[in-house]
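Chemist: Model the structure of this input:
(2 chains)
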Amino acid sequence: MTVRTRFAPSPTGYMHIGNLRTAIYEYLIAKNQHGQFILRIEDTDQGRFVDGATDVIFETLKTVGMEYDEGPGKGGEFGPYIQSERRQIYRKYADKLVELGGAYYCFCGKDRLDELRTKCEAEGKMYRYDGCCKRIDKAIALERVKRGESHVVRQVIPENGNTTFEDVVYGTITVDNSELEEGILLKADGLPTYNFANVVDDHLMKITHVIRGSEYLSSTPKYNVLYNAFGWELPIYIHLPPIMKTKDKKLSKREGDASFEDFINRGFLKEAIVNYIVLLGWNPGTEQEFFSMDELKACFDVQGLSKSPAIFDVQKLRWMNSEYIKRLSVEEYFEHAKPYFISAGLETFDLLKLSELLKNRTEIFSEITEKVAFVKNLPQYDIALFSHKKMKTDSESSLNVLRKVLPALNGIACWSAESINNCLMTIVVENNMKNSQVLWPVRTALSGMESSPGGASELADVLGKAESVRRIEVAISKLS
RNA sequence: GGCCCGUUGGUCAAGUGGUCUAAGACACCGCCCUUUCACGGCGGCUACAGGGGUUCGAAUCCCCUACGGGUCACCA
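Modeler: The predicted structure is shown next:
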């Protein structure tokens, strides 16, 4: 049996981290078995459709490197892969289901349903469709439909008994049929609800593993009733726990930071995001924690899926991102950092050198701007910075040192980190001082900051001779 | 509220009746390295939701309670 999975998002907004994780699992489960991964767009709710949302889906799948085998723009044996283009198919199967006794036409309009709802509310009961139209004679109902009377198609739920299904992560789940509603399968506009479309499409597209969020767990019995009514084979169900923002709140895109694109824009590497979220809810069973997409394809196993919700921890994502950044070459780092360097106005500096300094100190790229601002403009700083107990420095000793450093630096013919360092160390030796007594004041004078992405000679190298000398002079005059 | 699901440290998690005085990772704290900050190295802190069973033995099995989540639409 060829494994076939599908990612079936609704184009109702941007790519959410939770959706992306689901897509990744779907992709991996298929690819681990050399199966097919299908993309299907579920746009049956014309009211919620958001323009451009499908492009975001295509783009995201492409950037994380998950190519689908069948889907919009790609084609395939079981198309179309956009539900709004499958109208007639649903109509046909809905009518067929009515014939098979698994559904019935319902002519109750919104008004009557609302009435029913308020009545239930008044009686303190949960609303449930009363099955009114199920009692209409089949031939008469069909006649009314043919005359063009507005109607929906509702599912028939067996009155007694219960329905059981197997879920790979949650195990055996049994629900009493009395809990199930005779829900709408085909809406008055002729388009199916999710409840119908997913079953029809998954069957027609030969999906073997249905992978989706746990919010569908409670409606899965209804789908089984549907499969059975059609006489179709059941798929393997794999339901996934949600990703949480806090212990009791789901990650929500509205509250700011759950969209994949946002993370990319904030300077996260796509590989780090994928690596992190794949581990949110799945354990490889080994100590390995860094995975490329290819490694994931090779070792992904549903056994490692967990059933309890996981809280999204940006802190750990940042750490993982920093690890990925450390593995970048200086050139790669530079490519990612470039926009931030430019926005900091550093075009005239040696940005490769700066990249080297920054590479081990960056968690996310967007923080570069702040980290390198001092390069372009020496910040206003207080001379108290020169006093550091552990470095054994105070303003007096610093002034003293800087006065020696200034001519020495000026005398360097070939400006490089190495020559600068030699020069400074010579001063240390000549004056019988601790390294820090010379290096701390110089680094402070060059950066104007308590901490900087590099030491005295590295900073001087990046800043260049003229600017370094100028900054030492500034410090001297501040201290005098 | 009914039904379904879940609950190991602050977080992600290993663990499927004995090897658990419970792994690893992030975070945090401390030390070392060191010219700052990082990096790196070493060490530390903190957990089986509670209560009953079953068993020679329970984080692991059963029941109850608590807490949390999901679901109950002509949304998906």
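Chemist: Please count neighbours and contacts with C-alpha atoms only from this point.
Modeler: Will do.
Chemist: quick one: contacts for residue A:18?
Modeler: Contacts for residue A:18 (CA atoms under 8 Å, 6 or more residues apart in numbering) come out as A:242-243, A:251.
Chemist: what's the neighbour count on residue A:439?
Modeler: Using other CA atoms under 10 Å, residue A:439 is surrounded by 24 other residues.
Chemist: Kindly report the same for the one 3 residues further on.
Modeler: Per other CA under 10 Å, the neighbour tally for residue A:442 reads 28.
Chemist: surely it meets residue A:472?
Modeler: Yes: using CA atoms under 8 Å, residue A:442 makes contact with residue A:472 at a distance of 7.2 Å.
Chemist: okay, and the common contacts of the two?
Modeler: In contact with both residue A:442 and residue A:472: residue A:402, using CA under 8 Å, 6+ apart.
Chemist: give me the subset of the contacts of residue A:18 touching RNA strand B.
Modeler: residue A:242 (CA under 7 Å from any atom of the strand).
Chemist: can you redo the contacts of residue A:18 as a markdown table with secondary structure, distance to residue A:409 and pLDDT?
Modeler: Converted to a markdown table, the contacts of residue A:18 look like this (DSSP: H, G, I helix; E, B strand; the rest coil; distance: CA to CA, whole Å; pLDDT from 0 to 100):
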| residue | secondary structure | distance to residue A:409 | pLDDT |
| --- | --- | --- | --- |
| A:242 | coil | 60 | 94 |
| A:243 | strand | 56 | 95 |
| A:251 | coil | 55 | 81 |
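Chemist: Pick out whichever of the contacts of residue A:18 sits closest to residue A:312.
Modeler: Top of the list for closeness to residue A:312, among those and by CA to CA, is residue A:243 at 6.3 Å.
Chemist: Low-confidence ranges, the stretch 201-350 of chain A, go.
Modeler: A:253-257 (pLDDT under 70).
Chemist: which stretches of it form strands?
Modeler: Along the stretch 201-350 of chain A, the segments classed as strands by DSSP state E, counting those that start in this stretch run A:209-213, A:236-240, A:243-246, A:249-250, A:310-311.
Chemist: any chance of these in TSV, plus distance to residue A:351 and mean neighbour count?
Modeler: Shown next, in TSV, are the strands of the stretch 201-350 of chain A (distance: least, CA to CA, whole Å; neighbours: other CA atoms under 10 Å):
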stretch	distance to residue A:351	mean neighbour count
strand A:209-213	45	20
strand A:236-240	45	21
strand A:243-246	37	18
strand A:249-250	41	14
strand A:310-311	38	19
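Chemist: can you redo those strands as a markdown table with distance to residue A:402?
Modeler: As requested, these are exported to a markdown table (distance: least, CA to CA, whole Å):
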| stretch | distance to residue A:402 |
| --- | --- |
| strand A:209-213 | 64 |
| strand A:236-240 | 63 |
| strand A:243-246 | 51 |
| strand A:249-250 | 56 |
| strand A:310-311 | 51 |
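Chemist: So which of those strands is nearest residue A:26?
Modeler: strand A:209-213 (6.3 Å).
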